[in-house]
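Student: generate a structure from the sequence data that follows.
(2 chains)
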Amino acid sequence: MSRKTVPFVVAFILVCLVMAVSAVFAFSGAVTAEKFGGAVTWSQPYATAESMKVINLMGDDQDELFIQNTGNVSIFDGSGNVLLSQDYQNPQTTLGDVNGDNKEDIVVFYLGDVGYSVDTISDGKISNLAKTLSIGLPARVIVVRFVSGSQIVLGDSSGGLLSLSLSGEPLWSYSVGSEEIRGMDDALINGQTDLAVASHDGAVVVLDSQGKAVWNTHQESLRRMRAFDLNSDGNSEIITGGEYGALFVYSAVNGNQMYTQGMGQAVSEARVVELNGEPSSREFVIGGKDGGVWSFSFDGTTVKQMWSGSLSDKVTEISGIDINGDGAEEAVIGDDSGNVAVFTGSGTRNNLSSHSTGITRIDVGKLNGERSVVIADGSKVDVDKVSFNSIPGFQYTPLIVGVIVSAVILVIAAILVSIPKKPELKVSFQDKSRESLEAERRMLKESIADVERLRKSGEVTGDAYLARLKRLRGDLAENEAAFKTTGFPIKVETIQCPNCGGTLELGMDKCEYCGQVLLS
Amino acid sequence: MENFICIGGILLVFTLIIFFYLLNTARKRKTPATNSIGKKDYLPVYVSLADKPQSIMQGMDRLKAQVQRTEKAGDKWRWIPLIIFWGGVALIVIDLFLDLLGYFSIVFTGGGIALWIAAIVMARSLRKSDSQDFAPRYSGTKNILYTLRDDLRPSTTFLGHLDLTGALLPNKVARTTKDSQDRTTEYFRDEWLALKAKLCDGNILRVSAIQKSKKRRSYTKRSRISGKYRTKPEKFKGTEHDLKVRIVANPEVYTIVKASPFFKPGLNIGKFTVSQLDTEGGMISFVANSPFDEVEHENILQVIRSAYSLLQRKAA
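Tutor: Residues are numbered from 1 along each chain as shown, chains lettered A, B, ... in the order given. Next comes the predicted model:
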């Protein structure tokens, strides 16, 4: 290939590569310019919320913000005004229809003046449901809609469970291990609701409406347990996160272990988020104590990890919200350092404004008619209006960049081709007449004799002698070649070493330059 | 934050290195490169001479023109890599601007880095088209050939070589010696000009210009006080020139006189001093030395001309 063609061929190959990479990025949808922002609509002081929900609790058509911490239960209206604020000692709360008006009520399990008690708050009115209950320090409470009727199940810090009827009558009790109850959730088995419970010492059990174990198992100490029907088949999957990083997914039907993975850090939170927008299955997001974030999908038989990311501290809360209106939820995740980030369905992280104290709870809902994200931290609760912006057509920018780079490559190739080749710096000016060639030959032989004489007199030794000799013999070989080219008779006196290519005198047995033995 | 500063610092250093490399490519070096002994580096040319004077001189001019044309063609585009570099910076700035607006993008940065790589490749190619200057010996030799052109017997050629590849090449080490401290000294012998010509008057002229140099190799020495080993750099110990000339006189035209006031041992001619002279056997052989590392063509021609004073033309 000619000198002028090679740069263009190389440039063409590079341009093809650049454009191929650009096209892959442009058409895979991997390149987007999106940003999520949040503006605080209102903020109220409220320290370290343990439970929070945007829900209609006051019987009007508007949602309110229910919030609870270690000593108080409050309800704020959509503008941040306090509608109810009631202090309790060690309260645990849940939401459920207790009075049968088809509206959610607040159920508060707390330590009262007369022992452990349960209150209900309906339309802002507080009433006592049960007191002097035979159970330990409140850990969890849930209203479970069994087929046989709803029950309020209380969990304490020693693994004890106590079920109450909606009128406050004790129905059954159960003991799940000997440590704090860390999770209570509805679990569907063949479309019917049962109760999944797990305690900190690793005991996991599914109970029926009579308080009888459907199955139970034991694993490493656990931090979180959630139950979801991930693939909408009428049977829930139970997700547990261990103190030492074990993630388990059990079948609620029989306790079969469907998936397990070591996360490398304690699992501090697990939530369902509809990340891919495909409603027949739900995805779940796991948060770790060291800030790890993982998302998984479940298709009914296998659990697959979709992406992983990280925050800078312990993940304290995960919530799903469709911010950009594409039908898929984004995961809004908070950590113990006060950072809040939005992870999209592809795992891209976008930071929202951070808080000065650790995030304790995040929830989403409509407040004052606007879709809002409510974020509670160690000292206050903020209601944010989250926005989404994107640059239309940005996904095609790799093509533009590719064209620019390709153009530059072609211009460079053209410039390099226009520069003439650097001439050889070893040149020979040789007259081709017979007399001239013969004279040159004589001169070369004289010079060779000169070099030999210098060696004998010790003026030149070693490498310098060989180098000079090699060059002169090379010139002699060129002279012979010129004789042959011009058609003049010549008695050949040189040979070429087959090993190093150096020119030698005919008849030599060994190459002086490389030591090769010659058979000529 | 520390990570950001650390990574940002490293990237900044890389960017500055690339920038100054391209800037140095654009602003062509004015001061010539020097070799290990601090002398100016010249273009390493080797010319084999076996042609008529006119052809040799034309060929030498042609070579010079070709080298200059290549260099000039490269010089025309020297600023382009720097412009491409700034194009890359502009692309990266777009990404920074998007980041300031709250969008995360590295597409333009990727393109910018690709442009920087392209700029470096182009700068390297342009630097390859650079040449050093031709040594003064190149034009000096041409002048010697020009001066002698009319003295050359018709239909004959100059023979020999002009070797300007360098005086201190490893293959030009004639011998080495070691002193009592085990330090090695190298003696270089660079026969940079060898010329043979049959002249009109029937004489045969042979001229060899040889540069002899001496260099002590670097060596490691232990300090007597601290006991530490120290490496001493190589040291250039000096250079001198030998001009060897032999004139085989045409006995039909000339007789050789034994002595001449214009040419005798010990006589200074230009930068040369005649050190050996032999007029036996129908030929004049002499060696002239010069302590200078550079001798001009005028000095060589002057010595040859003076040597001719030993020839006495026979009566017709």
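Student: so who does the nearest residue to residue A:202 once chain neighbours are set aside touch?
Tutor: In this structure, residue A:202 finds its nearest non-sequential neighbour in residue A:219, 4.7 Å apart by CB to CB, 6 or more residues apart in numbering or on different chains. Every C-beta, even on glycine, is put in place using the N, C-alpha and C of the backbone. Residues in contact with residue A:219 (CB atoms under 8 Å, 6 or more residues apart in numbering or on different chains) are A:202, A:204, A:240, A:242, A:246, A:248.
Student: ok, these vs residue B:137, which is closest?
Tutor: Nearest to residue B:137 among those: residue A:246, at 82.2 Å, using CB to CB.
Student: what's across from the closest one in the sheet?
Tutor: residue A:262 (DSSP bridges).
Student: quick one, strands of the stretch 401-520 of chain A?
Tutor: Assigned by DSSP state E, counting those that start in this stretch, the stretch 401-520 of chain A shows strands spanning A:426-430, A:494-496, A:503-505.
Student: list the contacts of the longest one.
Tutor: It refers to strand A:426-430. A:436-437, A:440, A:478, A:482, B:45-51, B:55-56, B:59-60, B:63.
Student: residue ranges in the stretch 201-316 of chain B under the pLDDT threshold?
Tutor: B:316 (pLDDT under 70).
Student: so where's chain A uncertain?
Tutor: Applying pLDDT under 70 to chain A flags the ranges A:1, A:519-520.
Student: tell me the centre residue of it?
Tutor: Residue closest to the mean C-alpha point of chain A, counted by CA atoms, centre = their mean, is residue A:308 at 2.8 Å.
Student: picking that back up, backbone phi and psi for the residue nearest to residue A:202, please?
Tutor: With angles defined as degrees, to the nearest 10, residue A:219 sits at phi -140, psi -170.
Student: which residues of the stretch 151-300 of chain B lie near chain A?
Tutor: Residues of the stretch 151-300 of chain B lying close to chain A by CB under 8 Å from any CB of the partner chain are B:155-157, B:159-161, B:170-176, B:188-189, B:191, B:194, B:196, B:198.
Student: how close does the residue nearest to residue A:202 get to chain B?
Tutor: Residue A:219 sits 37 Å away from chain B, going by CB to the nearest CB, to the nearest Å.
Student: what about the residue sitting furthest away from the middle of chain B, which SS state?
Tutor: For chain B, the largest distance from the centre (CA atoms, centre = their mean) belongs to residue B:102, which lies 58.8 Å off. Secondary structure, DSSP: H, G, I helix; E, B strand; the rest coil: residue B:102 is coil.
Student: who does the closest residue to it other than its chain neighbours form a beta bridge with?
Tutor: In space, and not counting its chain neighbours, residue B:102 is closest to residue A:35: 4.0 Å by CB to CB, 6+ apart. Beta bridges link residue A:35 to residue A:389 when assigned by DSSP bridges.
Student: what does the stretch 201-350 of chain A put close to chain B?
Tutor: So far as CB under 8 Å from any CB goes, the stretch 201-350 of chain A lies against chain B at A:348, A:350.
Student: the residues of the stretch 151-300 of chain B next to chain A in strands, which ones?
Tutor: Those of those mapping onto strands are B:159-161, B:173-176, B:188-189, B:191, B:194, B:196, B:198, per DSSP state E.
Student: which pair of those spans the longest distance?
Tutor: B:176 and B:198 (38.4 Å).
Student: rebuild the strands of the stretch 401-520 of chain A as JSON lines, extending it with distance to residue B:248 and mean neighbour count.
Tutor: Converted to JSON lines, the strands of the stretch 401-520 of chain A look like this (distance: least, CB to CB, whole Å; neighbours: other CB atoms under 10 Å in any protein chain shown):
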{"stretch": "strand A:426-430", "distance to residue B:248": "24", "mean neighbour count": "18"}
{"stretch": "strand A:494-496", "distance to residue B:248": "27", "mean neighbour count": "17"}
{"stretch": "strand A:503-505", "distance to residue B:248": "26", "mean neighbour count": "19"}
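Student: residue B:176 and residue B:198: who's more crowded?
Tutor: Neighbour tally, residue B:176 and residue B:198, criterion other CB atoms under 10 Å in any protein chain shown: the higher count belongs to residue B:198, 21 against 13.
Student: could you pull out the helices for the stretch 351-500 of chain A?
Tutor: A:397-418, A:434-456, A:462-486 (DSSP state H, counting those that start in this stretch).
Student: can you report how many residues lie near residue A:100?
Tutor: Summarising burial for residue A:100: neighbours were counted as other CB under 10 Å, giving 9.
Student: go on, residue A:264?
Tutor: With other CB under 10 Å as criterion, residue A:264 counts 11.
Student: again, but for residue A:357
Tutor: Other residues near residue A:357 come to 15 when the count uses other CB under 10 Å.
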